[in-house]
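# got a predicted structure here, sequence first:
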Amino acid sequence: MSGNPALLMRLVASAYSVAEKAGAIVRKVLHSGELGIVEKTGANDLQTLADRLAQKSICASLSRRFPKITIIGEEDLPFEEVQEDMIEKGQAEEILQKSCPEEYRAIKEEELVVWVDPLDGTKEYTEGLLDNVTVLIGIAYGGRAIAGVINQPFYNYQLGAEAALGRTMWGMVGLGAFGFQLQEVPADRRVVTTTRSHSNKTVTDCVNAMEPHEVIRVGGAGNKIIQLIEGKASAYVFASPGCKKWDTCAPEAILHAVGGKLTDMFGNPYGYNADVKHMNSAGVLATLRNHDYYVSRVPQSVLQALKSE
């Protein structure tokens, strides 16, 4: 480890290890067969024991090491003491070895906001669509998503017992992204990824307006961004207010780190300050390339519908 790593590098290195522990918790709950499912606002908005335990582990682990950062988690949980075996104390050495971008070297703890989705794709988790599931830890500074960690607890699960289960990717704006192989859809093809369980007429109209050659319907915002950076989709289109800041902060940071872009359907960026509203009420549009083209294709009827939300 070179000298004393900058705060941001230490936080991301911790978030990496914390996300891996959370992924292990998510797997353990599934294998126990006792998911502890409750409906938050309806059948499409579920919470499981894995959501609750993973969030407790993430928030307690990060706040113990970085007591002045603001942490905002998806699940509204009562405060209670967290058992010591839920605390992750490790840090990813490979991240500590990297040099922090100059603009982030003087950041203080109290200037950072961490957005946590302990289990993105909960509905898919309960239905056995395990490749849709991710753990998301996003880090924001000055209202911008600047770093993020995505853990896929069940990566490779379809390959059987011989395969190494799970993987973790991370990225930082100005430094790059790691843990996956960046690929792009061929320039002459438009492949749109969108929601599988939260569709409506506005979402469908917007997807159709992109004139896609193919539409991929999958769960989880983290999973959809992975579709972009691994060359399975060229745009993530969701013209609805269903997504939240904890869904998009980590994926947006990784996408930006490789030259992509995430905005609302009007082409405006989202802010990630501690006091912003949690809902991404003007939808989500994310691309690796040609963002302006996709923004230009959004129908006026869709924009009007989103304005009225």
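Sure, I can see it. Numbering: from 1, shown residues only.
# what about the nearest residue in space to residue 104 that is not next to it in sequence, which SS state?
Closest residue to residue 104 in three dimensions, ignoring its sequence neighbours and counting by CB to CB, 6 or more residues apart in numbering: residue 8, at 4.8 Å. Heads up, the C-betas are built off the backbone N, CA and C, glycines and all. The assignment at residue 8 comes out as helix when based on DSSP: H, G, I helix; E, B strand; the rest coil.
# number the chain from 737, please
Noted, 737 is the first residue going forward, which turns the last one into residue 744.
# roughly how far apart are residue 839 and residue 918?
Relative to residue 918, residue 839 is positioned 23 Å away (CB to CB, to the nearest Å).
# do residue 868 as well
With distances defined as CB to CB, the gap from residue 868 to residue 918 amounts to 21 Å.
# quick one: which of those two has more around it?
Taking residue 868 and residue 918 together and counting by other CB atoms under 10 Å, residue 868 has the greater number of neighbours (24 against 15).
# quick check, pLDDT for that one.
pLDDT for residue 868: 95.
# circling back: give the contact list for the residue nearest to residue 840.
Shown in contact with residue 744 (CB atoms under 8 Å, 6 or more residues apart in numbering): 836, 840, 841, 843, 848, 875, 877, 882, 883, 908.
# how about the strands in the protein?
774-778, 781-783, 806-809, 848-856, 870-877, 880-888, 903-908, 912-914, 927-930, 950-953, 971-974, 997-999, 1020-1023 (DSSP state E).
# what residues does the third one touch?
Outside of strand 806-809, the residues within contact range by CB under 8 Å, 6+ apart are 791, 794-795, 798-799, 846, 848-854, 981-982, 1010, 1014.
# what of the last one?
The contact list for strand 1020-1023 (CB under 8 Å, 6+ apart) reads 957, 960-961, 964, 970-974, 979, 984, 987-988, 991, 996-1001, 1003, 1027, 1030-1031, 1034.
# quick one: buried ones out of the residues you listed?
Restricting these to buried positions leaves 957, 960-961, 964, 970-974, 979, 984, 987-988, 991, 996-1001, 1027, 1030-1031, 1034, with burial counted as 16 or more other CB atoms under 10 Å.
# among those, which are in helices?
Taking DSSP state H as the definition of helices, the buried ones among the contacts of strand 1020-1023 contribute 957, 960, 961, 964, 984, 987, 988, 991, 1027, 1030, 1031.
# from residue 809, how far off is the fifth one?
Distance from residue 984 to residue 809, counting by CB to CB: 15 Å.
# for residue 975, same thing?
Here residue 975 is placed at a distance of 26 Å from residue 809 (CB to CB).
# so for those two, which residue has more residues nearby?
Of the pair residue 975 and residue 809, residue 975 is the one with more neighbours under other CB under 10 Å, namely 28 against 19.
# residue contacts, residue 925?
Going by CB under 8 Å, 6+ apart, residue 925 touches 949, 950, 970.
# pipe the ones in helices among the buried ones among the contacts of strand 1020-1023 into TSV and attach pLDDT and distance to residue 1039 per row.
Written out in TSV, the entries for these read as follows (pLDDT from 0 to 100; distance: CB to CB, whole Å):
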residue	pLDDT	distance to residue 1039
957	95	21
960	97	21
961	97	23
964	97	22
984	98	19
987	98	23
988	98	21
991	98	23
1027	97	16
1030	97	13
1031	97	10
